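>>> Below: sequence and its predicted model.
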Amino acid sequence: MRKLATLVALLTTLSLHAQDSYQFTTVIDLEATPIISQGRTGTCWSFSASSFIESEIIRLTGKMINLSEMYTVRQTYMDKAENYVMRQGLANFSEGGLAHDVLNSIKANGLVPNEAYNGLDEGSNYHNHAEMVAVLESMVKTYADNPGEKLSKKWRPAVSAVLDVYLGKAPETFAYEGKTYTPQSFLKMTQINPDDYVSITSFNHADFYSSFILNIPDNFSNGSFYNLPLDEFIRTLDNSLENGYSVEFDCDVSEPTFSAKHGLAIIPEDAQNNKVALEGLYPELAVSQQFRQDEFENFTTTDDHLMHIMGLVNDQKGNKYYKVKNSWGNNSDRIGNDGFINMSESYMRLKTISITVHKDAIPKDIAKKLGLK
């Protein structure tokens, strides 16, 4: 009898596990270009924001264009070097950046297709910036230390020359689909207006419905963010997707419940379920504004990685997840994910630092509060 009871319990457990395995149904799936890998670089900000802009080009023109991430990276490194050297080393110089850095570069330098500038070594199909970054860091530190006691004007062309060696010289003109463009004329063809996009966050150390400079390490360019209460932040995100606008976002991916392998990001209510919740449904944490703030201020939530939100899915119990396009290649072992992440609303509420959206995607009442209407 004891053996029979044990067998029944085991079969019941197996049945429940099978019943609770994730089953996703697509709700919204916006058009996006294929997933590619950022390689051994810290340039997720350019890959994700470029993907976001590519989807915007599809929405605006119907054209699917593979943009050059490295054109933006090359231009932005000059801005980073300028910031670091002229602040005499009292600034951040790293591979990281944010979505507004891509928009700033687009406004100043235009856009280039990947076929005109891929930033790869000849014969390579994989980005590896380890050596280049080490060289650049050494250079800008030397210039900031000013060993000659009078900084010469040679440092800017020297940094630019190193970028040319590793990434290639940025093109002034190029051919695309039988036409000749400059980066600015190509930008005009895409119909992208960088001023149409805004970044939004949700933290209670700043006034809501105002804009402020978010103090995170990768915000080297001191970009401003509009600040919304958490519920309105999520409503803005959902409204964007529901109206055909994809979303760029910055988040923390250091949690054990963020798994590229499983194509899943969740925040279980009970942390003891962190591991098993990657395989089956468990209740998730209700995230408040204050808990989000506390996790940010104690550095449990940090700005690790930028990605591109391009849809919504539901699990079999009706719970909402955001379909996220990653830039780590097609490395998921879960059939149908192919490098995408299904991120729960709990994870989004807790671990997202900011989003970037087209200003027309913001609900009208919220836009009015922000002074955008």
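Great, that's in hand.
>>> List the backbone torsions phi and psi for the most centrally placed residue in the chain.
Geometric centre of the chain, nearest residue: Leu306, 1.9 Å, by CA atoms, centre = their mean. When quoted as degrees, to the nearest 10, the phi and psi of Leu306 stand at phi -110, psi 140.
>>> any idea how far it lies from Thr43?
10 Å (CB to CB, to the nearest Å). For every residue, glycine as well, the C-beta is placed using N, CA and C.
>>> again, but for Val159
Distance, Val159 to Thr43, by CB to CB: 17 Å.
>>> Who has more neighbours out of the two?
Between Val159 and Thr43, Thr43 has the larger neighbour count (other CB atoms under 10 Å), namely 24 against 21.
>>> tell me the contacts of the more buried one?
By CB atoms under 8 Å, 6 or more residues apart in numbering, the contact set of Thr43 is 69-70, 73, 95, 97, 127, 129.
>>> do you know how far it is from Val112?
Counting by CB to CB, the gap from Thr43 to Val112 is 15 Å.
>>> go on, Ile53?
Taking CB to CB, one finds Ile53 at 12 Å from Val112.
>>> swap in Lys373?
According to CB to CB, Lys373 stands 33 Å off from Val112.
>>> residue ranges for the strands of the stretch 251-373 of the chain, please.
258-259, 264-265, 305-314, 320-325, 340-344, 352-358 (DSSP state E, counting those that start in this stretch).
>>> Check which helices and strands the longest one sits against.
Okay, so that is strand 305-314. strand 25-29, helix 44-61, helix 230-242, strand 247-251, strand 320-325, strand 340-344 (3 or more CB pairs under 8 Å, 6 or more residues apart in numbering; DSSP states H and E).
>>> Let's see that with 7 Å instead.
strand 25-29, helix 44-61, helix 230-242, strand 247-251, strand 320-325 (3 or more CB pairs under 7 Å, 6 or more residues apart in numbering; DSSP states H and E).
>>> So what's the residue count around Pro217?
10.
>>> whoops, I mixed them up, Ile106
By other CB under 10 Å, 25 other residues sit near Ile106.
>>> what's the answer for Ser152, then?
10.
>>> ok, now Asp121?
Neighbours around Asp121, by other CB under 10 Å: 13.
>>> what about the helices in this protein?
Listed in chain order, the helices of the chain (DSSP state H) span residues 2-20, 44-61, 69-86, 99-109, 130-145, 155-167, 183-190, 230-242, 289-297, 345-351, 364-369.
>>> quick one on the thing from earlier: and the helices and strands packed on strand 305-314, which is most packed in?
Most buried of those by mean neighbour count (mean count of other CB atoms under 10 Å) is strand 247-251; its value is a mean of 27.
>>> What average pLDDT does that strand get?
Strand 247-251 comes out with an average pLDDT of 98.
>>> next one: stretch 216-223
Stretch 216-223 comes out at a mean pLDDT of 96.
>>> how far is it from where the chain is centred?
14 Å (CA atoms, centre = their mean, to the nearest Å).
>>> ok, and for it, which residues are buried?
Neighbour-count burial for stretch 216-223 flags 216, 218-220, 223 (criterion: 16 or more other CB atoms under 10 Å).
>>> Start and end of that stretch, how far apart?
10 Å (CA to CA, to the nearest Å).
>>> pull the helix or strand with minimum mean pLDDT from the protein.
Ranked by mean pLDDT, DSSP states H and E, the helix or strand of the chain with the weakest confidence is helix 2-20, at a mean of 48.
>>> so which of the helices and strands packed on strand 305-314 gets nearest Ser344?
Smallest distance to Ser344 across the helices and strands packed on strand 305-314 (CB to CB): 5.3 Å, for strand 320-325.
>>> Can you name every helix or strand that the closest one contacts?
Contact here means 3+ CB pairs under 7 Å, 6+ apart; on that basis strand 320-325 packs against strand 305-314, strand 340-344.
>>> Do you know the pLDDT at Gly339?
84.
>>> So it sits against Ile36, correct?
No: at 9.2 Å, Gly339 does not count as touching Ile36 under the criterion of CB atoms under 7 Å.
>>> quick one: Thr301 and Met348, what's the gap?
Counting by CB to CB, the gap from Thr301 to Met348 is 12 Å.
>>> what residue ranges in the stretch 201-350 of the chain score low on pLDDT?
Applying pLDDT under 70 to the stretch 201-350 of the chain picks out residues 331-337.
>>> rerun that using 90 as the cut-off
261, 328-339 (pLDDT under 90).
>>> For Glu297, give its distance to Asn204.
Using CB to CB, one gets 10 Å for the distance from Glu297 to Asn204.
>>> So between these two, which is more surrounded?
Asn204 (14 against 11).
>>> What sits closest to that one if chain neighbours are left out?
Ranked by CB to CB, 6 or more residues apart in numbering and with sequence neighbours excluded, the top spatial neighbour of Asn204 is Gln293, at 5.2 Å.
>>> separation between the residue nearest to Ala170 when sequence neighbours are not counted and Lys80?
Once flanking residues are discounted, Ala170 sits nearest to Arg74: 5.8 Å by CB to CB, 6+ apart. In this view, Arg74 and Lys80 are 11 Å apart by CB to CB.
>>> repeat for Asp238
Taking CB to CB, one finds Asp238 at 34 Å from Lys80.
>>> Please apply the same query to His205.
26 Å.
>>> likewise Asn330?
On the measure of CB to CB, Asn330 and Lys80 end up 30 Å apart.
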